[in-house]
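Trainee: sequence and predicted structure, then a few things I'm wondering about:
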Amino acid sequence: MNFEALLAAAGDRVVRAGLIGVGDFGASLLAQAQHIPNLEIALLCDTDRSRMAAAVAGAGVDPHSVAMVGDFAQAGDVQLDVLVEATGNPAAAAANAELAIARGQHVIMVSKEAAILVGPILHHRAKQKGLVYTEVEGDQPSLLMGLVSWARTLGLDIRAAGKSSEYDFVLDDDDTLSWHGERHPNSGLTALWSKGDHSWRNVADARAAAAAKLGVPTRTVPDFCEMGVVANAIGLRPDRPDFHTPILRPTELADALQRTEEGGLFSGAGRIDVFNCLRRADEASFAGGVFVLVACHDTKTWKLLREKGHIVSADAKTAVLYNPQHLLGIEAPITILTAALLGLPTGATDPKPVVDLVARADRDFKAGEVLTITDAHHHEVAGLKPELISAAPFAEDQPCPYYLATGHGLREDVPAGTLITAGMLGIDMETPLCRLRREQDELFGLDM
């Protein structure tokens, strides 16, 4: 795609954008925007004013050229075409998106925590007003939606899709595993480097057991959240609620992610999942990138593509096509400009509540315990594990969406293995976020 040609019809129009949340994503967007003549970040909003000031200084922005506020509601007199919501706080993100739509502004939703909860209703609200609500380039959901759209446009038969986890499993020659800055000697993964004569199920289980022994996680809440947003956009579903999340080398994907009848891990087609990238230190990273698994109907063509280095399964039935990058705010201007100048999303065009991200107790909980996030980066509550299940209405006797459950105390004892329901928690069902979620349930006809 030639983006210069695509956006040329807009001429020299300058798009005025507001940015809420100046963390890693927001700071990288602010810095990149300084190199784009027809994009102006006219408003910054962050509750941490020192962080906002540091981002402005780091990007070389004249602090007098941009409005800076601590609350988006205070910025009503700043004229904006687009709002970029990057707080990562679902309640704040949903409220900010509602307000932006009411003000006639397009919404770029970086906060996937809100998107998995109420993305479809916010998209509907925006569309009713002739506005764009979309996920953002630079993050995996929009990138995977784009890759799937590209493949479908080409008439490719998509069997599965997904992404690699945030941190690679890097194996040294001495069997030391490096993961997220940690080093684990005697990992046991060297002996499991190749599949050999084993089944993919056995290989996946053995590698997962080795990682568990080292205390290295293979499942994180943000990965489930992102793939849930994609499932709601394109209709692919998890093969199982807790995903397979296998530890795989990229060259193994086309074989391992086939259907079980073909020797792979998936029980059927149309699946979405996450894999943990296993590689040597001198091999390229998948970089948290995204992929699609497609059927190889034209044997001659795919034989040629295999010779050119594409990843094709041993039985020549499937191939993996992938984008090994996500560049945070560096790519976000594509979404901002496309929304403002063309009125088009780079993410979902018609999202629906297909799945919910929920929590299952992985240990016994006592009444009175608060589901406090213990790992802020991964949004994890010690003792809970994420799952993606079929979407259900938000009600006391139904599994509670993950980001509505966290931060609340339990009214009763919860044994290990139990899905957390809203009725187990002291949730104020009348908060704006809960109200918006119930409105979404009603709009899309979710019932008990």
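Mentor: Thanks, I have it.
Trainee: pick out the residue closest to the middle of the protein.
Mentor: Closest to where the C-alpha atoms of the chain average out (Cα atoms, centre = their mean) is residue 226, at 2.2 Å.
Trainee: list the contacts of it.
Mentor: Counting by Cβ atoms under 8 Å, 6 or more residues apart in numbering, residue 226 touches 112, 139-141, 163. To be clear about C-beta, it is placed using only N, CA and C from the backbone, and glycine gets the same treatment.
Trainee: how about JSON lines for the residues you listed, with neighbour count, pLDDT and secondary structure added?
Mentor: Putting the contacts of residue 226 into JSON lines (neighbours: other Cβ atoms under 10 Å; pLDDT from 0 to 100; DSSP: H, G, I helix; E, B strand; the rest coil) gives the following:
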{"residue": "112", "neighbour count": "27", "pLDDT": "97", "secondary structure": "helix"}
{"residue": "139", "neighbour count": "25", "pLDDT": "96", "secondary structure": "coil"}
{"residue": "140", "neighbour count": "25", "pLDDT": "97", "secondary structure": "helix"}
{"residue": "141", "neighbour count": "32", "pLDDT": "97", "secondary structure": "helix"}
{"residue": "163", "neighbour count": "27", "pLDDT": "98", "secondary structure": "strand"}
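Trainee: would you map the helices across the chain?
Mentor: 3-7, 24-33, 49-58, 90-102, 112-128, 140-153, 200-214, 221-234, 253-256, 299-307, 332-337, 402-405, 432-443 (DSSP state H).
Trainee: any chance of these in a markdown table, plus distance to residue 184?
Mentor: Below are the helices of the chain laid out as a markdown table (distance: least, Cβ to Cβ, whole Å):
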| stretch | distance to residue 184 |
| --- | --- |
| helix 3-7 | 42 |
| helix 24-33 | 26 |
| helix 49-58 | 33 |
| helix 90-102 | 34 |
| helix 112-128 | 29 |
| helix 140-153 | 26 |
| helix 200-214 | 5 |
| helix 221-234 | 21 |
| helix 253-256 | 23 |
| helix 299-307 | 35 |
| helix 332-337 | 35 |
| helix 402-405 | 29 |
| helix 432-443 | 40 |
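Trainee: tell me the pLDDT of the residue nearest to the centre of the chain.
Mentor: Note on residue 226: pLDDT of 98.
Trainee: going forward, the N-terminal residue is numbered 83.
Mentor: From this message on, residue numbering opens at 83, which makes the last subject residue 308.
Trainee: from residue 470, how far out is it?
Mentor: Look at residue 308 and residue 470: by Cβ to Cβ, to the nearest Å, they are 11 Å apart.
Trainee: do residue 505 as well
Mentor: For residue 505, the distance to residue 470 - Cβ to Cβ - is 21 Å.
Trainee: the two: which is more packed in?
Mentor: Taking other Cβ atoms under 10 Å, residue 505 and residue 470 do not tie; residue 470 has more neighbours (25 against 13).
Trainee: and the gap between the more buried one and residue 437?
Mentor: Separation of residue 470 from residue 437 (Cβ to Cβ): 5 Å.
Trainee: identify the contacts common to those two.
Mentor: With Cβ under 8 Å, 6+ apart, residue 470 and residue 437 have common neighbours 310, 313, 320.
Trainee: of all the residues you listed, which comes closest to residue 143?
Mentor: Distance to residue 143 across those (Cβ to Cβ) is lowest for residue 310, with 34.8 Å.
Trainee: so who does the closest one touch?
Mentor: If a contact means Cβ under 8 Å, 6+ apart, then residue 310 has 198, 437-439, 470 as its contacts.
Trainee: and for residue 478, the neighbour number?
Mentor: Look at residue 478: counted by other Cβ under 10 Å, it has 12 neighbours.
Trainee: mind listing what it touches?
Mentor: For residue 478, the contact set (Cβ under 8 Å, 6+ apart) comprises 503-505.
Trainee: pick out whichever of the residues you listed sits closest to residue 147.
Mentor: Checking those against residue 147 with Cβ to Cβ, the nearest one is residue 504 at 45.8 Å.
Trainee: OK, contacts around the residue nearest to that closest one when sequence neighbours are not counted?
Mentor: Leaving aside its sequence neighbours, residue 504 sits nearest to residue 482 (Cβ to Cβ, 6 or more residues apart in numbering; 4.3 Å). Residue 482 makes contacts with 440-441, 476, 502-504, 506-507, 509, as judged by Cβ under 8 Å, 6+ apart.
Trainee: just the pLDDT at residue 482, thanks.
Mentor: pLDDT for residue 482: 97.
Trainee: ok, the closest residue in space to residue 257 that isn't next to it in sequence to residue 448 distance?
Mentor: Of all residues not flanking residue 257 in the chain, residue 272 sits nearest, at 4.3 Å (Cβ to Cβ, 6+ apart). Distance from residue 272 to residue 448, counting by Cβ to Cβ: 42 Å.
Trainee: compare these two (neighbour count), which wins?
Mentor: Neighbour count, other Cβ under 10 Å: between residue 272 and residue 448, residue 272 has more, with 16 against 9.
Trainee: quick one: pLDDT of the more buried one?
Mentor: For residue 272, the model assigns a pLDDT of 98.
Trainee: so it makes contact with residue 253?
Mentor: Yes. Using Cβ atoms under 8 Å, residue 272 makes contact with residue 253 at a distance of 6.6 Å.
Trainee: how close does the residue of the chain most remote from its centre sit to residue 389?
Mentor: In the chain, counting by Cα atoms, centre = their mean, residue 382 sits farthest out from the average C-alpha position, at 35.4 Å. From residue 382 over to residue 389 the distance is 11 Å, taken as Cβ to Cβ.
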